[in-house]
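J.: Just the structure for this:
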Amino acid sequence: GRDPSNSNNNNNNNQEQQQQQIQTSNIGGLLEILQSKLRPPDRSHSAAEENAFHFAVDHCFPIRGQGTVLTGTCLSGTLKLNESVEFPTLGKMTRKVKSMQMFRRKVAGIRQGDRAGICVSNFDPKLMERGVASSPGSVRLIHGAVAVVRKVRYYRGELRSGGKFHVSVGHTTVMATVNFFGAREIRDRMKNGGEGGGGGGASTLEPELTSEATGKGASPKKKGKGGGGGDKSNGSNSKQTEPRSGATMLGGDADLAGLPRLKFDFSDDFLHQDGYIESLPPTDDSEDGHDVSTKKSGGNNNNNGGGDDLPLHFATLSFQTPVYCPQNSLVIGSRLDADVAHSAAAASACRLAFSGRLVHPFVPERDAVRTYAEKERTGTVCRLGDPYRRDDDGRVVRYEVYGTDLFKRETNMSAFVGMRVSTDRDGGGADDGGGKSSSSSSTKDGTGIIQSGFGTSGKFRCHFPAGTEVREGEPLRLKFRRYADDAEKAMRQDYMGDMPEGRVGTRLAEKEKKKKKKGGGGGKGKGGGGGAPPAKEGTAKAKAAAQADTPVAAAPPSSSSSSESDKTTKTTLEGEISALKGDPLPSSSSGGTKAHPVVVVSGFFTPDINVKSYAGRNVVIPSTGEVGIVLGPFGKAGKCKVSFEKAAAEGDGKSGGGCSGKVGDKAELMPPSPSSSSSSPSSTA
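T.: Model (predicted):
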């Protein structure tokens, strides 16, 4: 009889064969995809001569009486008899080619894709078993590089700046520290049709990878149209031609990987990134926020798993060990040290993190990328200057605005004078029904500059050259940048360009201002709707302008206005005790509390005020009712010394027994008495 086990085995074998046939039935479709995505290299002489010669050596052996034979594959360029080749890893050693063979037949030259043997003389085969032979000077030793990179979409981990990756470049894999930046800048550059196109677009610039000894980059070498692996040319006047292939470098072809040739300059500014950004904010040309550069970079990212939905980035690669590589080489970043032993899912996970193209040398000890962080402080409009009717569009604007909540009371305003502030209004001079729209209006019309401090509570005064329609209570924004490599950590605004041009207006008459106020056109209080007092009513010119509606230049009023001086000298200023000076007095009228003869008070004055002119003014401590007098300044921060030993009592205040107040107690600077008002100080507090 038959063995039932043999029949079962035969059935199982038949089922396995049927499953294998089902699984491999779409070979034709696979071949079609490969043929559509993989391009054969252009091995014409014209294309080969454009590229440097790179030869991957896989074996090296001597032949007696002939020399040393190097066998390998030509990756790019051409080589002819009697030309010299360089061995970069052997200290730039050069040797002349004596003969070449391809499949035991002597040839006069080789080009990209050829498998050949090269015979050179006076070369010890023990020096190199595997390596690279190239055109002299085409392969450099670099300690770092700037690369255009794109994340591999199958890699599930995060790409953080400062992380360490295994970077494969040429025939070498080394550890490198990677920092990502420039995603928004590349997106904007590609959106504007500037550079890229997978190397096959508009004219681009390629910086040479220079040796570390020179310390300088060579002059950029201009590449013409159709110089890469993009699908279409991005130049507005260029024809749609097939992309140039055959630019294979050591380790792979960055053109076929869909990585564009981008110019990089260390003087450019880049927004700081904590890592690789997988989705950018949407723009006018991208509805979902994904990278628009992938549509212009050739779009064939299947070779590296990049995916069309992942944006391009710049990245600095700082190699732990220097490597030899030519310009525009393809690099692969991996996490080969990932732990894959705990689960089957982890074992099958992709460990290739990103692919990239080297575009510029980078020496970590010498070069620095200008990365910055966007900063913003927000204040509030607390008062408006005099209203003006702008001549070019008839709008009622203010050239002078007062703000608050942007600085602390003790802030030295001199460091912020000249900085720019902006409002949320004046966005291009659009007409809101109150006047005609002017073609000369721009988005910069809502920009002003800080001119000085105002008072002692951290308020400030701003001037808007083109005028502003801002209202009380609306925000004032101080925007600036801080650069990572700036030792001073200064607030930079030099990227903002020029200030808006001044736009002349006519100052509104007193009657027109009152009508506007009755009609409810302004804000509340003194500053609303033109309720602020005139800037200079003491001069005959200003009076005539207010009465006759004559044009007045859009310049801010002087900071030494008599109206401000009168207001300062006739009001009570508030401050607080910041320090107690002197030994406690033996006799105190405050029970068991110690009283000090002198205290230091802050908050009365700003640093630019002459405190000596206020000497002799009375200071009252509301919590104790004690009265002292101002002796003079204390330091350079606007503080003053107040004595409570010889103060003259006013009202029910106590004097002569020292100050029993504590640090932090409120203090009030009293206005001068009517008898001494004629000799009161005129400085602005």
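J.: and R471, how many residues sit next to it?
T.: For R471, the neighbour count with other CB atoms under 10 Å is 17. Every C-beta, even on glycine, is put in place using the N, C-alpha and C of the backbone.
J.: In the chain, where is pLDDT below threshold?
T.: The chain contains residues with pLDDT under 70 at 1-24, 40-50, 193-257, 283-309, 339-347, 426-445, 510-571, 586-592, 646-656, 673-685.
J.: give me the number of residues near A108?
T.: 9.
J.: Correction: the previous question concerned V167.
T.: 27.
J.: beta partners for it?
T.: V174, G333 (DSSP bridges).
J.: Touching, it and V331? I think so.
T.: Yes. The pair formed by V167 and V331 meets the contact definition of CB atoms under 8 Å, at 5.6 Å.
J.: quick one: common contacting residues for these two?
T.: L317 (CB atoms under 8 Å, 6 or more residues apart in numbering).
J.: State the distance from A595 to D665.
T.: As for A595, its distance to D665 is 13 Å (criterion: CB to CB, to the nearest Å).
J.: Mind checking which of the two has more residues around it?
T.: Neighbours per residue (other CB under 10 Å) separate A595 from D665, with A595 holding more: 23 against 16.
J.: Grab the nearest non-local neighbour of that one.
T.: G658 (3.1 Å; CB to CB, 6 or more residues apart in numbering).
J.: Equivalent analysis for D58, please.
T.: G72 (4.9 Å).
J.: what sits against that neighbour?
T.: With CB under 8 Å, 6+ apart, G72 has these contacts: 55-59, 115-116, 118, 133.
J.: make it 6 Å
T.: Taking CB atoms under 6 Å, 6 or more residues apart in numbering as the criterion, G72 is in contact with 55-58.
J.: tell me the SS of it?
T.: strand (DSSP: H, G, I helix; E, B strand; the rest coil).
J.: hang on, the earlier thing: looking at the contacts of G72, which has the most residues close by?
T.: Neighbour counts for the contacts of G72 peak at F55, which has 24 neighbours (criterion: other CB under 10 Å).
J.: Show me the beta-bridge partners of that one.
T.: With DSSP bridges as the rule, F55 is bridged to C74, A133.
J.: Surely it is in contact with C74?
T.: Yes. Proximity of F55 to C74 meets the contact threshold set by CB atoms under 6 Å, at 5.5 Å.
J.: Can you mark which positions in the helix or strand hosting I629 are buried?
T.: Element membership for I629, per DSSP states H and E: strand 626-634. Residues of strand 626-634 classed as buried: 626-630, 633-634 (neighbour count, 16 or more other CB atoms under 10 Å).
J.: What I need now is these written out in CSV, including distance to D188 for each item.
T.: Shown next, in CSV, are these (distance: CB to CB, whole Å):
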residue, distance to D188
E626, 64
V627, 65
G628, 62
I629, 63
V630, 57
P633, 52
F634, 53
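J.: Which pair of those residues spans the longest distance?
T.: E626 and P633 (21.4 Å; CB to CB).
J.: Rebuild the contacts of G72 as JSON lines, extending it with distance to Y399.
T.: Shown next, in JSON lines, are the contacts of G72 (distance: CB to CB, whole Å):
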{"residue": "F55", "distance to Y399": "72"}
{"residue": "A56", "distance to Y399": "71"}
{"residue": "V57", "distance to Y399": "75"}
{"residue": "D58", "distance to Y399": "77"}
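J.: Out of those residues, which comes closest to N26?
T.: A56 (33.9 Å).
J.: separation between that closest one and Q112?
T.: 11 Å.
J.: same question, I186
T.: In terms of CB to CB, I186 sits 30 Å off from Q112.
J.: So those two - more neighbours on which side?
T.: The neighbour count for I186 versus Q112, taken as other CB under 10 Å, is higher for I186 (26 against 23).
J.: now the more buried one, nearest residue through space, not along the chain?
T.: Spatially, and ignoring its direct neighbours in sequence, I186 is nearest to L312 (4.8 Å; CB to CB, 6+ apart).
J.: Can you verify my assumption that that neighbour contacts R187?
T.: No. Using CB under 6 Å as the test, L312 is too far from R187 to be in contact (7.7 Å).
J.: Provide the strand pairings for whichever helix or strand G379 is part of, with the direction of each partner.
T.: Per DSSP H and E: G379 is located in strand 370-384. Here strand 370-384 has these sheet partners by DSSP bridges: strand 269-271 (parallel), strand 396-404 (antiparallel), strand 475-483 (antiparallel).
J.: And the next helix or strand past it?
T.: Next element after strand 370-384 (DSSP H and E): strand 387-390.
J.: residues making contact with that next one?
T.: 396-397, 467, 503, 505-508, 530.
J.: In the residues you listed, find the pair that's most separated.
T.: R503 and G530 (18.2 Å).
J.: all strands for the stretch 51-200 of the chain, in order.
T.: 54-63, 67-76, 78-80, 84-87, 93-102, 105-107, 109-111, 115-120, 131-134, 140-151, 163-169, 172-181 (DSSP state E, counting those that start in this stretch).
J.: Name the nearest residue to G131, ignoring sequence neighbours.
T.: That would be V57: by CB to CB, 6+ apart, it lies 5.1 Å from G131.
J.: where do the strands sit along the stretch 551-685 of the chain?
T.: Using DSSP E, counting those that start in this stretch, strands in the stretch 551-685 of the chain cover 551-552, 573-581, 598-602, 618-621, 626-634, 639-643, 666-669.
J.: make that the stretch 401-550 of the chain, sorry
T.: 420-422, 447-454, 459-468, 475-483, 505-507.
J.: can you list those strands in CSV and add mean neighbour count?
T.: What follows is these, written out as CSV (neighbours: other CB atoms under 10 Å):
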stretch, mean neighbour count
strand 420-422, 21
strand 447-454, 22
strand 459-468, 25
strand 475-483, 19
strand 505-507, 22
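J.: Distance to P584 added to those, as a markdown table?
T.: Formatted as a markdown table, these follow (distance: least, CB to CB, whole Å):
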| stretch | distance to P584 |
| --- | --- |
| strand 420-422 | 47 |
| strand 447-454 | 36 |
| strand 459-468 | 37 |
| strand 475-483 | 45 |
| strand 505-507 | 58 |
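J.: closest one to G163 among those?
T.: strand 475-483 (22.5 Å).
J.: what's the angle from the closest one to strand 447-454?
T.: If you take axes from the mean of the first three to the mean of the last three CA atoms, to 10 degrees, strand 475-483 sits at 100 degrees to strand 447-454.
J.: Which residues does strand 475-483 contact?
T.: So strand 475-483 is contacted by 372-373, 375-379, 381, 403, 421-422, 491-493 (CB under 6 Å, 6+ apart).
J.: Out of those residues, the closest to K612 would be?
T.: Out of those, the member with the shortest distance to K612 (by CB to CB) is G403, at 29.3 Å.
J.: any idea how far S318 is from the closest one?
T.: G403 is 45 Å from S318, by CB to CB.
J.: swap in R370?
T.: The value you get for R370 to S318, if CB to CB is used, is 17 Å.
J.: now do E365
T.: For E365 relative to S318 (CB to CB), the value is 10 Å.
J.: So which of these two has more stuff around it?
T.: The residue with more neighbours, out of E365 and S318, is S318; 18 against 9, by other CB under 10 Å.
J.: List the residues that contact the more buried one.
T.: S318 makes contact with 144, 176-177, 364, according to CB under 6 Å, 6+ apart.
J.: now do G467
T.: 390, 397, 399, 503, 505.
J.: same check, this time on S334
T.: By CB under 6 Å, 6+ apart, the contact set of S334 is 166, 351-353.
J.: so I142 bridges to which residues?
T.: V323.
J.: still on that earlier bit, give me the buried entries from the contacts of G467.
T.: With neighbours counted by 16+ other CB under 10 Å, the contacts of G467 contain buried members at 390, 397, 399, 503, 505.
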